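Asks: Sequence first, then the predicted structure, then my questions.
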Amino acid sequence: MTASDDDIQPTEPSNSTTPHSDTRLVDRSKLSKMYQHYVEVKDKYPHALLLYRVGDFFETFFQDAVTVSRELELVLTSKHGGEVGRVAMTGVPHHAWERYTTQLVEKGYAVVICDQVEDASEAVGLVRREVTRILTPGTLLEEGMLKASRNNYLAAVVIAANHWGLAYADISTGEFLTTQGSDLEHLTQELMRLQPSEVLFPTNAPDLGILLRPGETSPNLPQCLPPAFCYCLRSQSSFSQGEARSRLLQKYKLRSLEGLGCEHLPLAVRAAGGLLEYLEDTQKENQVPLQLLRSYTVTDYLIVDHQTRRNLEITQTVRDGTFHGSLLWALDRTSTAMGGRALRRWLLQPLIDIKGIRARQDTIQELVENTALRQELRQLLKQIYDLERLTGRAGSGTANAKDLMALADSLSRLPELAELVVEANSPFLKALQKVQPVLEELAAKIHAHIVEAPPIHIKEGGLIRAGVNNLLDESKATVEADQQWIANLEVDERAKTGIPNLKVGFNKTFGYYISISRTKADQVPANYIRKQTLTNEERYITPELKEREARILSARDDLNQLEYEIFVALREEVGAQAEIIRNLSRAVAAADVLCGLAELAVNQGYCRPEIVPGREIEIVEGRHPVVEQSLPAGFFVPNSTQLGQQSTVNSQQSTVNSQQSIVNSQQSTVNSQQSTVNPDLIILTGPNASGKSCYLRQVGLIQLMAQTGSFVPARFAKLGVCDRIFTRVGAVDDLATGQSTFMVEMNETANILNHATTRSLVLLDEIGRGTATFDGLSIAWAVAEYLATDIKARTIFATHYHELNELAGMLTNVANYQVTVKELPDQIIFLHQVQPGGADKSYGIEAGRLAGLPAVVIKRAKQVMGQIEKHSKIAIGLRENL
Ligand SMILES: Nc1ncnc2c1ncn2[C@@H]1O[C@H](COP(=O)(O)OP(=O)(O)OP(=O)(O)O)[C@@H](O)[C@H]1O
C-alpha cells in the first residue's frame, strides 16, 4: 500500500486556500475533467502511487502528491483543480520518470504509470490517457531499475498449519520455481536465501492489495515470514487449489502438472498459481515470458541457514555489509551479467548430489588444463550481453532498438562459442556446442532490419534500414526529395530575389519559413506571405513551401508509424523465441561461472576436492579464500583439517572408552595424536587474534565451495557431502528484536542442537561467553558433549575455556587443537598455525599487561587464575559422579 493512505489523516481542507490532499473526501462533481479522470484511475489503484502524464511531466495529486514529495524530497505544490479550488501536486519531468520511480519502488511502493496515448495537439477535448505500466518491487523489467549482478525475485507463499508452499519468479529473466515443505523454519530460510523484493501472501484481511513495506507489520502476516521484505496481501481465491491449478495448466497448455513435477505438491501449485494471477493482474500490457515452471525440494540442496550465510560472509561482510570482502567477491571472475547472477545463486544453494558436483568439477578441470580454451572462452563471453534480460524485455514489449541490437550481437557470438568448444568433453561445455539455426537467423534478421546505431526512442523513426520494406523506402524517397527541394530553395530564392543573406529555417511553431533581414524587406517578391516580424528579420512563407512542408510532416508521421510497426513485429519474433534463447543463456551463464572458477583455481592455486559419500573432511594445507586474497602473497599460513570418523565406533563404544580413558588434558592430547581415526569434534583453543575464527570459517567455506562444484584453496581435499552447515560466531546484540547477546547465542545454539545431524558440519565460535563464567563453561561443555556423543556432527568448537580440553580424555571422537603463538619476553608472535594439543594459556593477562594495566592488577589476576585452575578438574568430578 502507499503510506499515503495511512499516513495522511483524511481531513477536509480547513479553508479554500489549503489544497485538497485526499481523493476520498473531495467533491468529485466539482473537479475539472482531467482531475475527475485522475480520481477514477486512482480508485482502481488505491494502494499504488499514481504518476499521471500532463504535458512534459508526470504529476501526482492529492494524497500521492504528499507521499511522493516526502519520499523524494520534492516540492509539494498545488494546482487549480476546478470548482473545488486547489489540489496538492508534485511532478517529475517525464524523461526522468524511471529514476524517480526506481527510488519509490526501492522504498517499497507500487507505482502506476498513466501516460498520454494520443498526441496532445491532435486531441479533441481531454487528451486520452491510459495506464501503461504497473511497477511493483517484484515485477520490474526496466534495465535501469534492476541490479545486473542479482536476481529480482517475486515470491508467493501459502501456509497451511505447519506446511507451506513457496513459488518464486524473476520476471526479468523468466526463472520460475516452486516448492513445498513441512517445516516452517525451512520456509523462513528459503525466503532469506532468495531475498525477494516482494512476497505475495493470500489472506482474507479487508485491506487486500495492500503492499506492506519492509518493517511494516500486520496481524495478517504469520511470524515465520521475515519482516525485512515487502508483502502484498492478495485474495485467497487465486491461491485456491482449483483456480491455481487450472491457471497453470492454461498457461503452459498442459493437461496435467506431472511434467512440471508438481502434480502432487498442492501447496507448491497454489503458490505458483497465485503468483501467475498477480502477474496477469499487474502486467496487462507486458506479456511476461516465463520459463517452464520447475519444482524443487529444499533438502535436495545443502542447507545453509541465514545466520550461517551471514557468518560465512557469502555475499556480504558481517561488519559493514559490503560486497567487497565477501566470498562472492573473492570468487567472482565471471565475464557476463548472467554468469555473475548464476554464481551468486550457486553459492547460495550448493548441491548435495555428488554427480552434479562432479559434473561442474569436470568442466572446471577441463578449463584448468586447457589454458588456450579458457582464455578464448573468457574473451568471447565478454562480448555477450545480458541475453536473459534482453529476451525478457523483448518478450514483454519493453525492449527498444538498442536492446534488440545488443541481443542480435550476442546471439551472433553463439556460433563462435559453439565452434570454440567443439572438441570439449565436459558436460557444461558440450551444452554450448549446438546453437539452433533459428537463433542465427534471428540475429541476422535483426542486423538486416535495424540501423547500426539506433536511437533510444522507438516512435520517432530512424530505426529501420533501407531495403527492408518497399513502402517505407518509397515514402522515404519522397520525403527526401521534398527535403532536397527545401534545401535547394535557399540557393534558388537567393538567385531569384538577389538577396544574398536570404535563409530557409524551421521552427516548431511555424514550420518552414524564409527569413530575410528587415533592411531587404522591400525586395521581397509578391508571392511571399509575411508570417512573423522579429527585431532584425522578417519571416515569410510561400504556398509551395507550405505544401511541401505538409507533405513532409504527414509522410514523416506515417514513416515513423511504419518503422514502429516493423520494429514491433521484429520484437515479437524475438519474444516468440524466448524459451530457446533463455535455455542457451542458462548454458552460457553456467559455462561462464565455471570458466571463472577455473581461472580462479589457476591463479590462486586451488585443488579439485575429491567428493565422497562418506563423512570425512580431510583438508591438507587449507586456506581462507577471502583472507588469503586480502593479504600479500605468501603471507597466509595454510592449515590442515581432519574430521569425521570413518571407523564404525558407535556411541556405546565411545562412552565405554571414555570411562577407561586417561583423565588429564595433557594425556588426552597425546591420546588424540596417536589415534588413527579422525575426530568428530575438535576443541580449538588459542589466544585472542591467533586465528581461531579464521580457521573455523576456512573449513566451512572450503566445504561450501566444494559443494558448489568449485575447486578449493588447499593442497589436497577429500570431502564427504554435508547436509547442512551451521555456524555460531561472535556475539552481537539483536537490537531489532530486543534480544540480549546471550539469548541470541542460546537461540542459535538451540537451533543447531535441534537440527544438526551426523552429516552436518557445525562451526562454533565462543559459546557461553555472554553469561557468568561458570554458567557459560557448563553450557559450553554440555553442548560440546551432546554434539560429540548424541549427534556426532562434525564440529569445530573454538573456545577460550581451556577446561573443554578435558573432554578429549573422556570421548574418543574428540580431539584438541590449538593455534600456536611464539612467546618472546615482551611480545607474542602469532604463528597462525593450527596444531594438535590444547593451549594451556590464554595470554589474556599478558595482553592486559601489554595494554598497560597496573602491575598490581596483573599480579593479583595471576593469583586468582592460580586458584581457579586448582578447581578446574571437571572431568574427574564428572567421572566420580558416574
Ligand atoms: N592462517 C592465517 N594466516 C595469516 N593470517 C591469519 C591466519 N589466521 C588469521 N590470521 C590473521 O589474524 C587475524 C585474527 O584472526 P582471528 O579473528 O581468526 O583470531 P581469533 O583467534 O578468532 O581471535 P579472538 O579469539 O579474539 O576472536 C585475522 O584478521 C587474520 O588477518
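Replies: In hand now; what should we look at? What you see is a predicted model; the values in this text were computed from it and never measured.

Asks: correct me, but Gln833 touches Thr820?
Replies: Yes: the pair Gln833 / Thr820 is scored as a contact, 4.8 Å apart, by CB atoms under 8 Å. For glycine as for every other residue, the C-beta is placed from the backbone atoms N, C-alpha and C.

Asks: which residue does the stretch 751-882 of the chain bring closest to the ligand?
Replies: Nearest residue of the stretch 751-882 of the chain to the ligand, counting by CB to the nearest ligand atom: His832, 3.5 Å away.

Asks: what about that residue, how many neighbours?
Replies: 21 (other CB atoms under 10 Å).

Asks: looking at this, it is in a strand?
Replies: Yes: counting by DSSP: H, G, I helix; E, B strand; the rest coil, His832 is part of a strand.

Asks: What residues does it make contact with?
Replies: His832 sits next to Val637, Asn639, Ser690, Gly691, Cys694, Val819 when contact means CB atoms under 8 Å, 6 or more residues apart in numbering.

Asks: nearest to Gln523, of those?
Replies: Closest to Gln523 out of the contacts of His832 is Cys694 (90.8 Å), distances taken as CB to CB.

Asks: State the helix or strand in which that closest one lies.
Replies: helix 692-708 (DSSP states H and E).

Asks: Quickly check: that helix near the ligand or not.
Replies: Yes: judged by CB under 6 Å from any ligand atom, helix 692-708 and the ligand are in contact via Lys692, Ser693, Cys694.

Asks: ok, and the most crowded of those?
Replies: Lys692 leads the residues of helix 692-708 next to the ligand on contacts (other CB under 10 Å) with 26 neighbours.

Asks: Quick check: phi and psi at the nearest residue to it once chain neighbours are set aside.
Replies: Once flanking residues are discounted, Lys692 sits nearest to Ala798: 4.0 Å by CB to CB, 6 or more residues apart in numbering. Dihedral pair for Ala798: phi -90, psi 130, per degrees, to the nearest 10.

Asks: Contact partners for the residue in the stretch 601-750 of the chain that the ligand sits nearest to?
Replies: Proximity of the stretch 601-750 of the chain to the ligand (CB to the nearest ligand atom) peaks at Gly691, 2.9 Å away. Taking CB under 8 Å, 6+ apart, we find Gly691 in contact with Val637, Val819, Phe830, His832, Val834.

Asks: mind listing the strands for the stretch 501-650 of the chain?
Replies: 503-507, 511-517, 529-533, 537-541, 610-612, 617-622, 639-643 (DSSP state E, counting those that start in this stretch).

Asks: contact partners of the fourth one?
Replies: If you take CB under 8 Å, 6+ apart as the criterion, strand 537-541 is touched by 505, 510-518, 521, 524, 528-533.

Asks: got it, and the longest one?
Replies: Strand 511-517 is contacted by residues 486, 489, 493, 499, 501-507, 523-524, 528, 531-532, 536-542, 545-546, 548-549, 553 when judged by CB under 8 Å, 6+ apart.

Asks: swap in the first one?
Replies: The contact list for strand 503-507 (CB under 8 Å, 6+ apart) reads Ile486, Ala487, Leu489, Glu490, Glu493, Tyr512, Tyr513, Ile514, Ser515, Arg539.

Asks: between it and strand 511-517, how many degrees?
Replies: 140 degrees (axes from the mean of the first three to the mean of the last three CA atoms, to 10 degrees).

Asks: which stretches of the stretch 51-200 of the chain have low pLDDT?
Replies: 121 (pLDDT under 70).

Asks: swap that for the stretch 551-700 of the chain, please
Replies: Where the stretch 551-700 of the chain drops to pLDDT under 70, the residues are 646-676.

Asks: Give me the contact list for the helix or strand containing Leu417.
Replies: Counting by DSSP H and E, the element that carries Leu417 is helix 414-420. The contact list for helix 414-420, computed with CB under 8 Å, 6+ apart, reads 373, 376-377, 380-381, 384, 432-435, 439-440, 584, 588.

Asks: Now Gly838: closest residue in space that isn't a chain neighbour?
Replies: Asn805 (3.3 Å).

Asks: from the stretch 1-150 of the chain, which residue is nearest to the ligand?
Replies: For the stretch 1-150 of the chain, CB to the nearest ligand atom, closest residue to the ligand: Ser149, 26.6 Å.

Asks: Check which helix or strand that residue maps to.
Replies: Counting by DSSP H and E, Ser149 is part of no helix or strand.

Asks: Report all helices and strands that whichever strand or helix holds Gln103 contacts.
Replies: For Gln103, the host element (DSSP H and E) is helix 97-106. Here helix 97-106 touches strand 49-54, helix 62-72, strand 111-116, going by 3 or more CB pairs under 8 Å, 6 or more residues apart in numbering; DSSP states H and E.

Asks: Could I have the CA atoms of that helix written out in PDB?
Replies: Only the C-alpha atoms of helix 97-106 are listed here, as PDB (Å, rounded to 0.1, in the frame of the first residue of the first chain):
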ATOM      1  CA  TRP A  97      10.300   9.000 -14.600                       C
ATOM      2  CA  GLU A  98      12.400   5.900 -14.400                       C
ATOM      3  CA  ARG A  99      14.900   7.400 -12.000                       C
ATOM      4  CA  TYR A 100      12.200   8.700  -9.700                       C
ATOM      5  CA  THR A 101      10.100   5.600  -9.900                       C
ATOM      6  CA  THR A 102      13.100   3.400  -9.100                       C
ATOM      7  CA  GLN A 103      13.500   5.300  -5.800                       C
ATOM      8  CA  LEU A 104       9.900   4.900  -5.000                       C
ATOM      9  CA  VAL A 105       9.900   1.200  -5.800                       C
ATOM     10  CA  GLU A 106      13.100   0.700  -3.800                       C
END
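
Asks: ok so, going back, any chance of the contacts of strand 503-507 in TSV with pLDDT and distance to Gly461 as columns?
Replies: Converted to TSV, the contacts of strand 503-507 look like this (pLDDT from 0 to 100; distance: CB to CB, whole Å):
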residue	pLDDT	distance to Gly461
Ile486	87	18
Ala487	84	19
Leu489	90	23
Glu490	90	24
Glu493	90	28
Tyr512	90	19
Tyr513	92	23
Ile514	92	26
Ser515	92	27
Arg539	92	27
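
Asks: farthest pair in these?
Replies: Ala487 and Arg539 (18.1 Å).

Asks: Correct me if wrong: Leu807 contacts Leu787.
Replies: No: using CB under 8 Å, Leu807 is not in contact with Leu787, being 10.4 Å away.

Asks: Now do the shared contacts for these two.
Replies: Common neighbours of Leu807 and Leu787 (CB under 8 Å, 6+ apart) are Leu681.

Asks: quick one: terminal-to-terminal distance for stretch 441-461?
Replies: 24 Å (CA to CA, to the nearest Å).
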